[in-house]
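Student: What follows is a predicted structure for the sequence shown.
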Amino acid sequence: LWHGMPYYKMDMSNISCYVPILWLYRYKDSQPWPNTFTWVISSAVGTLPAQGYAYCGPDQTPSISDLSSPVMCNGKWKVGQASLQATDPFFTITSGGCPQITC
């Protein structure tokens, strides 16, 4: 568990990717009260949301309950180059990985 939620590993080392492993985890921001949570896809667990490949947090969902599972973020993920992500309405999380991430 990472911040009270399961985290997931997507291994692409068998297809010679530049980043062979991606992690999906829930990031806890302890600065605001109450704490906020953001789902992050990154090459390392613990990366700040805006520095990851994709993220979905309280600014992308209408309620905190929408962050109980990364699937609740489907169509709301901010995706792209670090700190320049944009909402991708077609980005989804499925069992077994993220179909949009091929390498």
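Tutor: Received the coordinates, thanks. Everything quoted here is computed from the prediction, not taken from an experiment.
Student: Return the distance of the most centrally placed residue in the chain relative to Trp2.
Tutor: Nearest residue to the geometric centre of the chain (Cα atoms, centre = their mean): Val40, 2.5 Å. Relative to Trp2, Val40 is positioned 10 Å away (Cβ to Cβ, to the nearest Å). All C-beta spots, glycine's among them, are computed from the backbone N, C-alpha and C.
Student: So Ser83 sits against Gln51, correct?
Tutor: Yes. The criterion here is Cβ atoms under 8 Å, and Ser83 meets it with Gln51 at 7.0 Å.
Student: ok, those two, which is more surrounded?
Tutor: Gln51 (14 against 8; other Cβ atoms under 10 Å).
Student: any idea how far that one lies from Ser43?
Tutor: For Gln51, the distance to Ser43 - Cβ to Cβ - is 10 Å.
Student: so what's Ala50 closest to, chain neighbours aside?
Tutor: Ser83 (5.1 Å; Cβ to Cβ, 6 or more residues apart in numbering).
Student: quick one: pLDDT of the one you found?
Tutor: According to the prediction, Ser83 has pLDDT 83.
Student: beta partners for the residue nearest to the centre of the chain?
Tutor: Tyr25, Tyr55 (DSSP bridges).
Student: give me every residue that touches it.
Tutor: Applying Cβ atoms under 8 Å, 6 or more residues apart in numbering to Val40 gives the contacts Trp23, Leu24, Tyr25, Arg26, Tyr27, Thr47, Leu48, Pro49, Gly52, Ala54, Tyr55.
Student: how about a cut-off of 10 Å?
Tutor: 2, 7, 23-27, 46-57, 70 (Cβ atoms under 10 Å, 6 or more residues apart in numbering).
Student: Which elements pack onto the worst-scoring helix or strand of the chain on mean pLDDT?
Tutor: Counting by mean pLDDT, DSSP states H and E, the chain has its least confident helix or strand at strand 8-11, which shows a mean of 83. Where contact means 3 or more Cβ pairs under 10 Å, 6 or more residues apart in numbering; DSSP states H and E, strand 8-11 is packed against strand 21-29.
Student: Mind listing what's buried along the strand it packs on?
Tutor: Residues Leu22, Trp23, Leu24, Tyr25, Arg26, Tyr27 are the ones in strand 21-29 that count as buried (16 or more other Cβ atoms under 10 Å).
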